[in-house]
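**Student:** fold the following for me, if possible:
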Amino acid sequence: MSSAIRSPLFLVLALWAAGLGAAAQFAKIVVIFPELQAHYGETGAASGYLVSMISVMGMVLGLVAGVIAIQIGVRRLLLSGLYLGAVVSAWQTTLPGFEWMLASRLVEGVSHLAIVVSAPTLIAQLTTPRHQAKALTLWGTYFGVAFAGIALTAPFILQIAGLGGLSAVHAAYMAFFAVLLTAILPAEDRQGAPPWPSLRDILRRHVTAYTSPFIAAPALGWLFYTLTFVSMLTILPTIVDPAQRAFVAATMPLASIVSSMTIGNMLLGHLKAVSVIIIGFAIAIGLMLVFLITGPGAWLFIVIFAALGLVQGASFAAVPQLNASMPDRALSNGAIAQTGNLGNALGTPAMLAVASTGVATGLPALLIGCYTAAILVHLAMARSRAKATDLSIPVT
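**Tutor:** The predicted model follows:
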């Protein structure tokens, strides 16, 4: 096989593309959410679980996936997630009954979890320290790119292939990258792999991860980011001028991508990742104050997502900056998956509930609270790391 195909750059791009498939597991539902609600009829608030059900497995098993990655190998976990995702999407093309669709979303959560834990861990492993921040900033755009791509192509796919068309395209995409990465990812040396942990050991690792200011910090900040990202993509376009909705839905994630790859990369060249995360949240708070005063606006929402783009890439770049070993990085990415899925699961129903009250200040106030909490958590974790370093306390 060509050395170019196995080059670190190509491998990173292929892993990022696999991440697009994982993000599309959310986007393929969010983008056509009104059409799915119409298809499934009077499901009421339960229709929100079409978006959030995928997060249940991540909420429960996020850190367990990190443990599994250590046991069976990160490569094997990634490929298992891709193949499972292809199978589930292929079945969803049949548009099964509402309860069966929810069940398939639960299974799809296993696939999503496997990919989002293993892919960034592999990217950090395959890149040199000098290029890690840029590679993981690219990885951090996977949600935004997937949402933008599907928002732009969904109308055409629906017209040509109907409501099941997005799932069919997604199944083919996942299968392609499963086969490609099977062929090009280097094999892992599994000699000397640790024995499978007991339930007690798994619980102990949860305690270790979430009490470590190094392992837990990226994940705890990520919780507040994900509480709002998917939910804002779902809800904010519905409260602007109807003529601008399609433009806003496609441009918001694009704005986060552009800011992450430009301003975000520039800042990461001069500042620590955690500092960039705090800057992103602080700018978002300022913009939410504008939202609170002036009300909704298409360009305001786009600029808000540009601010959040700084949080995206820097959160993943923080993992290798704060954690030197592969096991700690796998646990940190598992924690990101766990808190991220918790945020995704709770965010959309919570924001729908606030929006349904009709109180104009409800949404911006909720978002300001989330981002303020994120900054306070990161500052607290930074103080804990400083104390642990000064006292030479082992943290993992």
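
**Student:** show me where pLDDT drops low in this protein?
**Tutor:** Along the chain, segments meeting pLDDT under 70 span 1-6, 42-45, 189-194, 390-396.

**Student:** how much space between the nearest residue to residue 158 once chain neighbours are set aside and residue 206?
**Tutor:** Excluding its sequence neighbours, the residue lying closest to residue 158 (Cβ to Cβ, 6 or more residues apart in numbering) is residue 165, at 6.2 Å. Bear in mind the C-beta positions are built from the backbone N, C-alpha and C, glycine included. Applying Cβ to Cβ, to the nearest Å, the value for residue 165 to residue 206 is 40 Å.

**Student:** ok, now residue 182?
**Tutor:** Distance from residue 182 to residue 206, by Cβ to Cβ: 31 Å.

**Student:** which one's more surrounded, those two?
**Tutor:** Between residue 182 and residue 206, residue 206 has the larger neighbour count (other Cβ atoms under 10 Å), namely 19 against 13.

**Student:** I figured the more buried one hits residue 62, correct?
**Tutor:** No: Residue 206 lies out of contact with residue 62 (Cβ atoms under 8 Å); the separation is 9.6 Å.

**Student:** related to what we said a few turns ago, for the residue nearest to residue 158, which residues are in contact?
**Tutor:** Counting by Cβ atoms under 8 Å, 6 or more residues apart in numbering, residue 165 makes contact with 93, 157, 158.

**Student:** between those residues, which has the most around it?
**Tutor:** Tallying neighbours with other Cβ under 10 Å puts residue 157 at the head of the contacts of residue 165, with 21 neighbours.

**Student:** work out for me the element residue 285 sits within.
**Tutor:** Taking DSSP states H and E as the definition, residue 285 sits inside helix 273-294.

**Student:** name the surrounding residues that touch that helix.
**Tutor:** Counting by Cβ under 8 Å, 6+ apart, 133, 217, 221, 224-225, 264, 267-268, 271, 297, 300, 303-304, 307-311, 314-315, 317-318, 321-322, 361, 363-365, 367-368, 371-372, 374-375, 378-379, 381-382 sit against helix 273-294.

**Student:** ok, stretch 93-103 next?
**Tutor:** For stretch 93-103, contacts defined as Cβ under 8 Å, 6+ apart pick out 39-40, 43, 46, 49-50, 53, 92, 104, 163-165, 167-168, 171.

**Student:** chain neighbours aside, what residue packs nearest to residue 154?
**Tutor:** Nearest residue to residue 154 in three dimensions, chain neighbours excluded: residue 31, at 4.8 Å (Cβ to Cβ, 6+ apart).

**Student:** right, I'll leave it there.
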